[in-house]
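*Asks:* Sequence and predicted structure, then a few things I'm wondering about:
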Amino acid sequence: MAIDSSSLSEPIPTHPSWFTPKRLLVVFCVINLINYVDRGTIASNGVNGSPRSCTDSGVCSDGSGIQGDFDLTNFRDGVISSAFMVGLLVASPIFASLAKSINPFRLIGVGLSVWTLGVAACGFSVDFWSITICRMLVGVGEASFVSLAAPFIDDNAPIAQKTAWLGIFYMCIPTGTAIGYVYGGVVGTSFGWRYAFFSEAILMLPFAILGFAMKPLQMKGMSNDKQLPKIHSSYFSSSSSQLSRFWEDIKDLLSEKIYVVSVLGFCAYNFVIGAYSYWGPKAGGSIYHMKNADILFGGLTIVGGILGTLGGSVVLDRMNSTIPNAFKLLSTTTFLGAVFCFSAFCFSNLYIFMVLFLIGEILVFATQGPVNFVCLHSVKPSLRPLSMAMATVSIHVFGDVPSSPLVGILQDKVDNWRTSALILTSVFFLASGLWFIGIFMPIVDKYDEYSKQVTIVEQSDVIPLLESKPDDAIPISSLP
């Protein structure tokens, strides 16, 4: 692999005094948590609500929440869940490409500002189309963060704990979603679904401000010294060259077979997880007649998410964080998790379901750290933001974007949540099979390869100084 010598010789970035690696991790985890609280909130029964309906005797109900207020079918309700992905998918590659020339820390500030505006606007929506557009805006705002946060964490994590740090970060996905179920159920029921969105916007606002107020960090392998540019004619004149560079980067990314296999498995995995997160409370409430489905599913997801995500990451670090070991862990835990989750829905007893489903969630969430480790280390460092952006685009386009509406259509047809859940869960086996293929592929860790090249360049700069002869020394008398 050819290494750009200019990027190797760039000065090693220093941290501003306030942003120690651990503080950076904490800030990014809180932001990620709020992002996914929003995902859980819009899926909760308290905010999402129930549709209008009429019984055979002619008694009609107005429904509740978003679905009731806007009179949504299950399909349209699923579209709202997926709408923010449109903005996310369009904006993620753009932010990732801009990170090569504009400091990514400032780009995160821009994204969080847009996110805050979009979430607040959701609270003012008046119909299906207005809330759909607002959710798209939320996706645009989140795009910068999902593309750029993981490379920052990978740069700053201790070498022996890289996967564990990524695991802590991605633990916020199930935890935030689960908290969102509970939060949405409590706030939506007590104050109305609009207030749930207003509160989220207030929580995110300080972090949007932080992205502009603090001295920005630099990212390894990137020449991104520039601040946010002013728009002028030269910007538009260079747009064609930027587009050309973007397509070259996409070609480089697609040539990395390890990365492609990892993302394909991630797509199948996310197809199930996305539908679980959206339809889980509603399906559980119907199958097992749960009175507090939001809280129960939220609790199971928090426990399974924390134990699984941290456990999988720590296990990979103990095994030695390599790409082949990551694929072994991904394939095994996903297969076993699929068995337990599938078995859970086969039982009518609520307590048996809870035990089996919790074990299954622990196993399937063990993939979070390892799969993102593969995505970051199977490409050269300068492509990491784009690799995360395109992984995000792919897992949503082929994963949870179609899964929520498709499961909604399936449920409208079969009218049986148990059958729908079993069909959905079987897709986990496909994900396990795809990751199993990765174990046998020839593998090179591009991040480690880059780091070794940097070390060689640094040593070549130091050795001539060590080997200099006494005669070459500058005479003291010549010094001022």
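*Replies:* Looks like it arrived, so ask away.

*Asks:* And stretch 134-149, what's buried?
*Replies:* Buried residues in stretch 134-149, defined by neighbour count with 16 or more other C-beta atoms under 10 Å: 134-149. All C-beta spots, glycine's among them, are computed from the backbone N, C-alpha and C.

*Asks:* How about stretch 430-448?
*Replies:* Neighbour-count burial for stretch 430-448, counted by 16+ other C-beta under 10 Å, picks out 430, 431, 432, 434, 435, 436, 438, 439, 443, 445, 446, 447.

*Asks:* and what of stretch 88-108?
*Replies:* Buried-residue list, stretch 88-108, by 16+ other C-beta under 10 Å: 88-89, 91-100, 102-108.

*Asks:* tell me the contacts of residue 201?
*Replies:* Neighbouring residues of residue 201 by C-beta atoms under 8 Å, 6 or more residues apart in numbering: 116, 117, 119, 120, 123.

*Asks:* Let's see that with 7 Å instead.
*Replies:* For residue 201, the contacting residues are 116, 119, 120, taking C-beta atoms under 7 Å, 6 or more residues apart in numbering as the criterion.

*Asks:* quick one: which of the residues you listed has the most company?
*Replies:* When the contacts of residue 201 are compared by neighbour count (other C-beta atoms under 10 Å), residue 119 ends up highest, at 30 neighbours.

*Asks:* Could you report the pLDDT at residue 261?
*Replies:* Note on residue 261: pLDDT of 94.

*Asks:* Tell me which residues touch the residue nearest to it when sequence neighbours are not counted, please.
*Replies:* Distance criterion C-beta to C-beta, 6 or more residues apart in numbering; nearest residue to residue 261, sequence neighbours excluded, is residue 438 at 4.6 Å. Residue 438 makes contacts with 258, 261, 262, 327, as judged by C-beta under 7 Å, 6+ apart.

*Asks:* which among those residues gets closest to residue 27?
*Replies:* residue 262 (27.1 Å; C-beta to C-beta).

*Asks:* what about the closest one, which helix or strand?
*Replies:* Assigned by DSSP states H and E, residue 262 falls within helix 257-288.

*Asks:* Quick one: name whatever helix or strand follows that helix.
*Replies:* Counting by DSSP H and E, the next helix or strand C-terminal to helix 257-288 is helix 293-319.

*Asks:* What angle do helix 257-288 and that next one make with each other?
*Replies:* Orientation of helix 293-319 against helix 257-288 (axes from the mean of the first three to the mean of the last three C-alpha atoms, to 10 degrees) gives an angle of 150 degrees.

*Asks:* Now do helix 293-319, average pLDDT.
*Replies:* Averaging pLDDT along helix 293-319 gives 83.

*Asks:* same question, stretch 52-66
*Replies:* According to the model, stretch 52-66 has a mean pLDDT of 68.

*Asks:* what's the first-to-last distance across it?
*Replies:* Taking C-alpha to C-alpha, to the nearest Å, the first and last residues of stretch 52-66 lie 11 Å apart.

*Asks:* Could you check how far the closest residue to residue 131 other than its chain neighbours is from residue 133?
*Replies:* Excluding its sequence neighbours, the residue lying closest to residue 131 (C-beta to C-beta, 6+ apart) is residue 125, at 3.7 Å. Computed as C-beta to C-beta, to the nearest Å, the residue 125 to residue 133 distance reads 8 Å.

*Asks:* So between the two, which is more surrounded?
*Replies:* Ranked by neighbour count (other C-beta under 10 Å), residue 125 and residue 133 place residue 125 first, with 20 against 16.

*Asks:* Out of the buried residues of stretch 430-448, name the two that are farthest from one another.
*Replies:* 430 and 447 (28.2 Å).

*Asks:* Might you calculate how far stretch 149-168 sits from the centre of the chain?
*Replies:* 14 Å (C-alpha atoms, centre = their mean, to the nearest Å).

*Asks:* oh, and call the first residue 10 from now on, that's how I've got it
*Replies:* Got it, the first residue is 10 from now on, which makes the last one we talked about stretch 158-177.
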